[in-house]
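Trainee: Predicted model and sequence below, questions to follow.
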There are 2 protein chains.
Amino acid sequence: MSRFALHGYFRSSASFRVRIALNLKGIAYDQVPVHLVREGGEQLQAAYRAINPDSLVPSLTCGDGSVLTQSLAIIEYLEECFPTPPLLPASPLDRAFVRSVALQVASEIHPLDNLRVLKYLKGTLGVSDEQKDAWYRHWIDLGFASLEAKLVSDRRVGGYVYGDVPTLADLCLVPQVWNARRFSIPLANYPTVVRIADHAMRHDAFAAAEPGKQPDANT
Amino acid sequence: MSRFALHGYFRSSASFRVRIALNLKGIAYDQVPVHLVREGGEQLQAAYRAINPDSLVPSLTCGDGSVLTQSLAIIEYLEECFPTPPLLPASPLDRAFVRSVALQVASEIHPLDNLRVLKYLKGTLGVSDEQKDAWYRHWIDLGFASLEAKLVSDRRVGGYVYGDVPTLADLCLVPQVWNARRFSIPLANYPTVVRIADHAMRHDAFAAAEPGKQPDANT
């Protein structure tokens, strides 16, 4: 058994981010699938709530019994405990740039297109499937347009968001692009965003974290 | 003129967070108000988009021409450049705890109750005022219930989220409680959340950051 267990779901963006971080740093971990759809959602059941009362994935449990939640907090923890290879640049200004890109995904796009939000739109507000799909696309478009404007003009951008090494920014960008494609959102207006995501997916650590390759894929 | 200028809006939660951080660290700054409502929203106009194409507040401009965006990225930057007093604990596990509380507000509650989201619900989806208010309350309730469960049982919680000193977690919690009260959300089920927010607001750095005390208040 590994020191770390990642409680997550193959299609969860936030779980995908943490899998990439663990892979990049070469940290061994077990996966404990939490199925977000089956039987009304395992994240809402007592077994998972005993680990994380938020009912959100992922959670990272450590050998000493600690439970870490919130993907960006988990990744910053891994960065502090396992600094090589680094997922943040050295200078504070550049770290702020990388974190701002990560947060543009994690706080501006992803929360609005989350499963529980789509459920509320459909179940409680009774919107149509077309309206739900338009909502999903609206927040992707708004967020990706901002990201494209930022990335296309910043001299720090290289093969990855920050030069030629993967950072926290790519860990957030890649799963969001993967999700957008899953919902067939046209991405032609965001060539820099797509170029970076496609480049990153050629890295073994990203490729191995892809939803389709997880033990709970398509269950 | 100060080295830093904070482009924000008095009622913006994310601007409120950064004001508290600047005050706690005793960093001088100028405020440049960006009115989110007047004339269709100054954040959408060319003058502000030249600073931040995201059209989101706050942005922090530095003396060297750099522009920082995303409140949590700005606060981590301030923490790295002005480490005293610290806004994060020393140990990685405790830092992860503080960051997870901050992110539970910044990535799970706030993005859903943002002005542009409420506008989309009303303008594009045509929901009623009652449905919009219920939406607002739903995400506050869900998020505060999770936070209450986490904070009431964690031995690290003191007068503030982490012991007896303000951290990044309080910087996010306080504006969210202020917002909930502004919308008259009943908070009796979240006594720990409310106790911490009220305690923090007695600190000069928090009190001075309160929306009603800003130069653009109620304009």
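Mentor: Done, it's in. In this text the structure is predicted, and so the values were computed from the model without any measurement.

Trainee: Need the contact partners of the worst-scoring helix or strand of chain A on mean pLDDT.
Mentor: The weakest-scoring helix or strand in chain A, judged by mean pLDDT, DSSP states H and E, is helix A:46-49 (a mean of 88). With contact meaning C-beta atoms under 8 Å, 6 or more residues apart in numbering or on different chains, helix A:46-49 is reached by A:7, A:34, A:42, A:43, A:55. For every residue, glycine as well, the C-beta is placed using N, CA and C.

Trainee: count of neighbours near the second one?
Mentor: Number of residues near residue A:34 (other C-beta atoms under 10 Å in any protein chain shown) recorded here: 27.

Trainee: mind checking pLDDT for the residue of chain A most remote from its centre?
Mentor: The outermost residue of chain A, judged against the average C-alpha position, is residue A:126 (28.0 Å), by C-alpha atoms, centre = their mean. Note on residue A:126: pLDDT of 96.

Trainee: my read is it is in a helix, agree?
Mentor: No - assigned with DSSP: H, G, I helix; E, B strand; the rest coil, residue A:126 falls outside any helix and is coil.

Trainee: Quick check: phi and psi at it.
Mentor: phi 60, psi 30 (degrees, to the nearest 10).

Trainee: which pair in the contacts of helix A:46-49 spans the largest distance?
Mentor: Taking C-beta to C-beta, the two most distant members of these are A:7 and A:55; they sit 11.3 Å apart.

Trainee: Looking at the two, which has the bigger crowd around it?
Mentor: residue A:7 (22 against 17).

Trainee: before we move on, what SS does that one have?
Mentor: Applying three-state DSSP: residue A:7 is strand.

Trainee: can you pull the alpha-carbon coordinates of stretch A:200-208 into CSV?
Mentor: The C-alpha coordinates for stretch A:200-208 follow below in CSV (Å, rounded to 0.1, in the frame of the first residue of the first chain):
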residue,chain,number,x,y,z
ALA,A,200,1.1,18.8,-22.4
MET,A,201,-0.9,15.6,-23.2
ARG,A,202,2.2,14.3,-25.0
HIS,A,203,4.0,14.2,-21.6
ASP,A,204,3.8,10.8,-20.0
ALA,A,205,2.7,12.2,-16.6
PHE,A,206,-0.3,14.0,-18.2
ALA,A,207,-1.1,11.1,-20.6
ALA,A,208,-1.2,8.6,-17.7
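
Trainee: who touches that stretch?
Mentor: By C-beta under 8 Å, 6+ apart, stretch A:200-208 touches A:19, A:20, A:23, A:24, A:160, A:166, A:170, A:173, A:174, A:210, A:213.

Trainee: Let me know the pLDDT of residue A:163.
Mentor: Per the predicted model, pLDDT is 98 at residue A:163.

Trainee: State the phi and psi torsions of it.
Mentor: Dihedral angles (degrees, to the nearest 10) for residue A:163: phi 60, psi -140.

Trainee: Pull the contacting residues for it.
Mentor: A:89, A:156, A:157.

Trainee: and if you look at residue A:146?
Mentor: Per C-beta under 8 Å, 6+ apart, neighbours of residue A:146: A:104, A:108, B:53, B:54, B:55.

Trainee: give me the number of residues near the second one?
Mentor: Yep, that's residue A:108 we're talking about. 21.

Trainee: Roughly how far does it sit from chain B?
Mentor: 6 Å (C-beta to the nearest C-beta, to the nearest Å).

Trainee: what's near enough to touch that residue?
Mentor: Residue A:108 sits in contact with A:139, A:142, A:143, A:146, B:54, B:56, B:111, where contact means C-beta under 8 Å, 6+ apart.

Trainee: Could you look up the SS state of the closest residue to residue A:53 other than its chain neighbours?
Mentor: Residue nearest to residue A:53 in three dimensions, not counting chain neighbours: residue B:149, with 4.3 Å by C-beta to C-beta, 6 or more residues apart in numbering or on different chains. At residue B:149 the chain is in helix, as set by three-state DSSP.

Trainee: Please enumerate the helices of chain A.
Mentor: A:13-24, A:46-49, A:71-81, A:92-103, A:115-123, A:129-153, A:168-182, A:191-200, A:204-207 (DSSP state H).

Trainee: Of the ones you listed, which is nearest residue B:78?
Mentor: So among the helices of chain A, helix A:92-103 is nearest, using C-beta to C-beta, at 8.8 Å.

Trainee: other SSEs contacting that closest one?
Mentor: helix A:129-153, helix A:168-182, strand B:67-69, helix B:71-81 (3 or more C-beta pairs under 8 Å, 6 or more residues apart in numbering or on different chains; DSSP states H and E).

Trainee: Kindly reformat the ones you listed as JSON lines and extend each row with distance to residue B:193 and mean pLDDT.
Mentor: Shown next, in JSON lines, are the helices and strands packed on helix A:92-103 (distance: least, C-beta to C-beta, whole Å; pLDDT from 0 to 100):
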{"stretch": "helix A:129-153", "distance to residue B:193": "27", "mean pLDDT": "96"}
{"stretch": "helix A:168-182", "distance to residue B:193": "27", "mean pLDDT": "97"}
{"stretch": "strand B:67-69", "distance to residue B:193": "27", "mean pLDDT": "96"}
{"stretch": "helix B:71-81", "distance to residue B:193": "19", "mean pLDDT": "98"}
